[in-house]
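Colleague: Predicted model and sequence follow; I will ask about them next.
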Amino acid sequence: MREITLSQAVNEAIAEEMRRDETVFLMGEDVAEAGTPFKVLSGLVEEFGTGRVIDTPIAEPGFVGLAVGAAMTGGRPVVDLMFGDFLYLVMDQLCNQAAKQHYMSGGKLTVPMVLRTNLGATRRSAAQHSQSLQALVAHIPGLKVAMPSSAYEAKGLMKTAIRDNNPVVIFEDKLMYQDKAPIPEEDYLIPFGEAHIKREGSDITLIGTSSMVQVAEAAADMLSAEGISAEVIDPRTLVPLDEAALVESVKRTSRAIVIDEGHQSYGVTSEIASRLNEKAFYHLDAPVLRMGAMDVPVPFSPALEDITVPTPEGVAENARKLCSGELIHAA
Amino acid sequence: MQRDDQTVTRRDVTMPQLGMAQDAGKIVSWLKAPGDAVAKGEALFEVETDKATMEVEAQAAGFLTGVAAAEGDDVPVGAVIARISDSAEDDTPAPAAPVAEVPADALPEGHSVTMPQLGMAQDTGLLVGWLKSPGDAVAAADVLFEVETDKSTMEVEAGRDGYLAATLAQAGEEVPVGGPVAVISNAAPDNPVARSVAAAPAPPAQEAKPEPAAEPARKPAAPQPVLQPTGGRILASPKARRLALEQGLDLARLAEAGHPQPYHVSDLDTLRSLPAVTPAAEAGEASRRLVAEVPEDGVPAFAAWAAAAHGLTDADAILAGLTAASLPDPGPVAVERHGTMTTYALPADRALSGVAETGDDPALILRDLRGSRLTNVEMGGESTPVLTLTPKATGLTLTLECAASRLDARAAIQLLTDVADRVEQPLRHLL
Amino acid sequence: MAKAKTNTEDYLRMYRQMVRIRTFEDNANQLYLSAKMPGLTHMYSGEEGVAVGICEALTDSDRITSTHRGHGHCVAKGANFKQMFCELLGKEEGYCRGKGGSMHIADQSHGNLGANAIVGGSMGIATGSALRAKLQGADDVTVCFFGDGATAQGLLYEVMNMAALWNLPVIYACENNGYSEYTKTEEIAAGSITARAEAFGIEAHTVDGQDVLAVNELTQDLVARARRGEGPFFLELETYRYHGHHVGDINREYYRSKDEEKDWKENRDPIVRFRGWLVEQGIATEDEIEAMNAEIETDATEAVAYAEAARYPDVSEVDMHVHSD
């Protein structure tokens, strides 16, 4: 099996789907010759031309609105939103328009579009280019939300998203674009709503999303050396959520920490922890812990920024407490 | 589009919905009289809402007929108040416009006196009677009305000085706890109101809780969590609790044994390793021990007589029968001797000849140690009372032992006294 | 009055569609006033010449996006009364199975991508539909209806920029009825409305929206040119709404006078004007027109009765259509 970067995986997924289905097209700021600031889309305009790889003005609500209209009338746009932080600019088009068309029309209209964007702090980009806003869109009925945690997931989830008949928002971790993972030579899809057990364990379940899967795995390594067996699960999509797999894992291990890079309050970790409490309560031997980003705008100074996000050390420390029965109240 | 010259069928004229949150409109004036010809778009009547007065236009051309609402009426939105017909003579009446319910006796302003909660689990109170009349001046301590709950009848005071401006329930009516019963106004009311619970619309805004004359039952203080040993709430994980329940383990024993809370699944191993519960635990319970002495054991002679005269050859049955007859509620009595135990039941007619063996659990064990060398026993009360017979130089010692919870002191004394009498002189104390 | 069509049937259909809109709105208004209709609604009465003049220049494969004041566009694009009234009353047989209501009726079978309750909310959708047509080499045109109030939304300028850059087959139809909700348009819009489009190099026209033939003639020309890749275009249609911003907006004198309303109704009504022209040209007699009116009235009355008696959707439908399969 070959190894490619997450960036190459996204590029391959889009290229393959554009070859397969000529209604698929790309649009966004500097997606063509520039191939985006992250160079994720480099080379696509050479193959598909400016007719299907469309540079737009810097007008996020405008081009997301165009994508909604194109999707409602037979196109399959893949829209590049350069930074996840710009979601705030497009909320009406995404949440009032794209998310609701199918429902408001009683099932007549569909909006098969993909909004590619990113998440993740610790890139020294400060408060308006570092946010992880997946909870915001996962809250809106009608949208689907995918959170790839490696190149393998990035490719399989992107291809599934492009073929899905609903608006899908995909968050890529901008720090992982150069991370490599083994990828099959052949075509593959990753179905939505199927969690992946990254490693099995018996003492505690670490549920991580996107960038936090790595953090969970690193914590599991540390714990393993101390004789604590941690299971790591990646839900892969927040909507739909493979609740059953998460609940089953926690029933086995009886302890859980949920880790996501979005702000902790009212966030993804809160939602998943709450479901575990509801569905696995009588199997819990310790409170389910949430570990999200601190509830502060992301600071610029590295000295400050690095302490706002969950770390492997922090996850391991909490896991130790839970397994020893020491911790009664959530941190 | 012009449709004035077109034949129009009979159409309803309704009270229009004019505001965003409007329920009714008041007809200020009719601008057309019944029978008048009206054109589409012509003003028909004027309506007053909370905001403004507006003209309402005819939605069709024709003749105004069947006018069912008068000037000054408040009419609910959507109600039919007239018709526009193709004939001025159309006499089909419009359905009577339901005049909006504006209570003629709108409540005077003041403080509401509500039905107090007097019992622990009481939803309503029965208004027994009024001690003041609407319009009366009242002082705070004046008794306004009497209420009957499941327990008793109590007087409820006005709670403030003023005037009884409204009574909202009649004698004999049930009023929900917290529901309004009266209104006390500061100034003498112009039109004091008296009505029944059934007629009451919404309660007035301000509420002043009256002090009931009788002290309401005090709520028990919330139990304080007790972290250490026994009795209080035990802190344990949901899984530890579930497993303990499934496996019949008692987490309280961990607490009693002094293990620190909270408990997790791993603590269940500790719990399993605690020594098993033994009767010693029950021995810890208060025990009764009573001793009686009889100068002469009358039983052997009696048994011999019974065998000769009546053919009753089982001496133990006779002994059991005599003892059972002493029990306040005669139950089976077991005779235990040399490690064997036989249980006998006394028949309902209490005939000694009817005493027979039974498989039921004994209500009392008669431990016969007359043939042994033991003279004094102190075994501790067991769950079944034990009456031990031990020999003396002459006569017998009778020792009754039981858990304190099984027999109260009086019953224990009575039992042992009766048995002692019967053992000494069976014939005089026959069943 | 400008003369665009020579086909008698086309003229009569234009008249018929305008009367259908007026009749639909009269009945919808009655449903609201009699408290039979849930929610509230925005009447299109008075603006019929705009919707009909434009939609009569379109085919079923051409798309429109509509507004909160959308019943007129929906009827003009070919929708039927029964499904529309059912939708207004939240019934199962409505165009959207009762899930959309007055402000979200969509009728895909006739190319109506739906009304939109966000002012200016559908500008992106309309432009995106035109982008799709261009990318796929389709020759359909999309008309984006919006009001003068929506010209204050920034989205318009983002999408007009892209439409102009890429020559998209979209026509921005600004229905200027003079009022942005309860405020005169001149109080919320600086400068000229058409100049906004012209700044992007978009050809813009102002037309009397109460003259259905003028609207139709201009639109036919622009649609044909848009199909040839000469779009986008911008239309400012001068028109007037007879009712308030919404049905409950009765007391309007603080923002416009009764005399003004009376003047538009008596002197500029698009239906009255076109009817007079039809008779004058000998295309229809008064009797024929009256018969047509009566037939439409009956049609509406029956549709209302049908909708009132129709079933509500089963409660099991509440979580259907959140996602598409």
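Modeller: That came through, no problem. Residues are numbered from 1 along each chain as shown, chains lettered A, B, ... in the order given.
Colleague: Quick one: list the elements packing against the biggest strand by length in chain A.
Modeller: Looking across chain A with DSSP state E, the single longest strand is strand A:256-263. Packing contacts for strand A:256-263, counted by 3 or more C-beta pairs under 8 Å, 6 or more residues apart in numbering or on different chains; DSSP states H and E, involve helix A:134-138, strand A:204-208, helix A:211-225, helix A:268-280, strand A:289-293, helix A:312-324. Where you see a C-beta, it was placed from the backbone N, CA and C, and this is true even at glycine.
Colleague: quick one, the helix or strand that comes right after the third one and helix A:211-225 angle?
Modeller: Counting by DSSP states H and E, the element after helix A:211-225 in chain order, helix or strand, is strand A:230-234. Orientation check (axes from the mean of the first three to the mean of the last three C-alpha atoms, to 10 degrees): strand A:230-234 against helix A:211-225 gives 170 degrees.
Colleague: got the angle between strand A:230-234 and strand A:204-208?
Modeller: Relative orientation of strand A:230-234 versus strand A:204-208 (the same axes, to 10 degrees): 30 degrees.
Colleague: Would you list the strands that strand A:230-234 pairs with, along with their directions?
Modeller: Using DSSP bridges, strand A:230-234 pairs in its sheet with strand A:196-199 (antiparallel), strand A:204-208 (parallel).
Colleague: pLDDT score assigned to the closest residue to chain B within the stretch 51-200 of chain A?
Modeller: The nearest approach of the stretch 51-200 of chain A to chain B comes at residue A:200, 19.4 Å away (C-beta to the nearest C-beta). Each residue has a pLDDT score; the one for residue A:200 is 98.
Colleague: give me the number of residues near it?
Modeller: Look at residue A:200: counted by other C-beta atoms under 10 Å in any protein chain shown, it has 13 neighbours.
Colleague: Next up, the contacts around it.
Modeller: Under the criterion of C-beta atoms under 8 Å, 6 or more residues apart in numbering or on different chains, the neighbours of residue A:200 are residue A:231.
Colleague: if we can go back for a sec, which positions in the longest strand of chain A come out as buried?
Modeller: For strand A:256-263, the neighbour count (16 or more other C-beta atoms under 10 Å in any protein chain shown) marks A:256-263 as buried.
Colleague: cool, stretch A:66-78 as well?
Modeller: Neighbour-count burial for stretch A:66-78 [16+ other C-beta under 10 Å]: A:66-73, A:75-78.
Colleague: One more: stretch C:127-141?
Modeller: Counting neighbours by 16+ other C-beta under 10 Å, the buried set in stretch C:127-141 is C:127-135, C:138, C:140-141.
Colleague: same question, stretch A:126-143
Modeller: Under the neighbour-count rule (16+ other C-beta under 10 Å), stretch A:126-143 has A:129-140, A:142-143 buried.
Colleague: now swap in stretch A:1-11 and tell me
Modeller: Of the residues in stretch A:1-11, A:4-11 count as buried by neighbour count, 16+ other C-beta under 10 Å.
Colleague: likewise stretch B:145-154?
Modeller: Using 16+ other C-beta under 10 Å as the burial criterion, the residues of stretch B:145-154 that qualify are B:145-147, B:149, B:154.
Colleague: Next one: residue A:156 from chain C, what distance?
Modeller: Using C-beta to the nearest C-beta, to the nearest Å, we find residue A:156 at a distance of 20 Å from chain C.
Colleague: Can you name the residues that contact that residue?
Modeller: For residue A:156, the set of contacting residues under the criterion of C-beta under 8 Å, 6+ apart consists of A:13, A:188-190.
Colleague: By neighbour count, which of those residues wins?
Modeller: For those, the largest neighbour count, defined by other C-beta under 10 Å, is 25 neighbours, found at residue A:13.
Colleague: Looks to me like that residue is in a helix.
Modeller: Yes - secondary structure of residue A:13, determined by DSSP: H, G, I helix; E, B strand; the rest coil: located in a helix.
Colleague: so how far is residue A:119 from it?
Modeller: 18 Å (C-beta to C-beta, to the nearest Å).
Colleague: Would you mind listing what in the stretch 201-325 of chain C touches chain B?
Modeller: With C-beta under 8 Å from any C-beta of the partner chain as the criterion, the stretch 201-325 of chain C meets chain B at residues C:247-248, C:250-251, C:269, C:271-272, C:275, C:290, C:293-294, C:297.
Colleague: highest average neighbour count across the helices and strands packed on strand A:256-263?
Modeller: Between the helices and strands packed on strand A:256-263, strand A:204-208 has the highest mean count of neighbours, a mean of 30, where neighbours are mean count of other C-beta atoms under 10 Å in any protein chain shown.
Colleague: relative orientation of that one and strand A:289-293 in degrees?
Modeller: 30 degrees.
Colleague: now strand A:204-208 against helix A:312-324, angle please.
Modeller: Computed with the same axes, to 10 degrees, the direction of strand A:204-208 lies at 150 degrees from that of helix A:312-324.
Colleague: contacts for strand A:204-208?
Modeller: Counting contacts by C-beta under 8 Å, 6+ apart, the residues touching strand A:204-208 from outside are A:149, A:214-217, A:219-220, A:223, A:228-235, A:246, A:249-250, A:252-253, A:255-260, A:272, A:315, A:319, A:322-323.
Colleague: Run through the residues that contact residue C:131.
Modeller: With contact taken as C-beta under 8 Å, 6+ apart, residue C:131 is in contact with A:66, A:69-70, A:75, C:162, C:166, C:168.
Colleague: Could I get the average pLDDT for the host helix or strand of it?
Modeller: Assignment of secondary structure by DSSP H and E places residue C:131 within helix C:123-136. Over the span of helix C:123-136, the pLDDT mean works out to 98.
Colleague: Next: stretch C:13-20.
Modeller: Per-residue confidence for stretch C:13-20 averages out to 98 on the pLDDT scale.
Colleague: repeat for stretch C:279-286
Modeller: Mean pLDDT, stretch C:279-286: 95.
Colleague: now do the same end-to-end measure for it.
Modeller: 7 Å (C-alpha to C-alpha, to the nearest Å).
Colleague: got the contact list for that stretch?
Modeller: Contacts of stretch C:279-286 from elsewhere in the structure, counted by C-beta under 8 Å, 6+ apart, are C:8, C:11-12, C:15, C:278, C:289, C:292.
Colleague: could you pull out the strands for the stretch 1-150 of chain A?
Modeller: With DSSP state E, counting those that start in this stretch as the criterion, the stretch 1-150 of chain A has strands at A:2-5, A:24-28, A:53-55, A:76-80, A:114-119, A:144-146.
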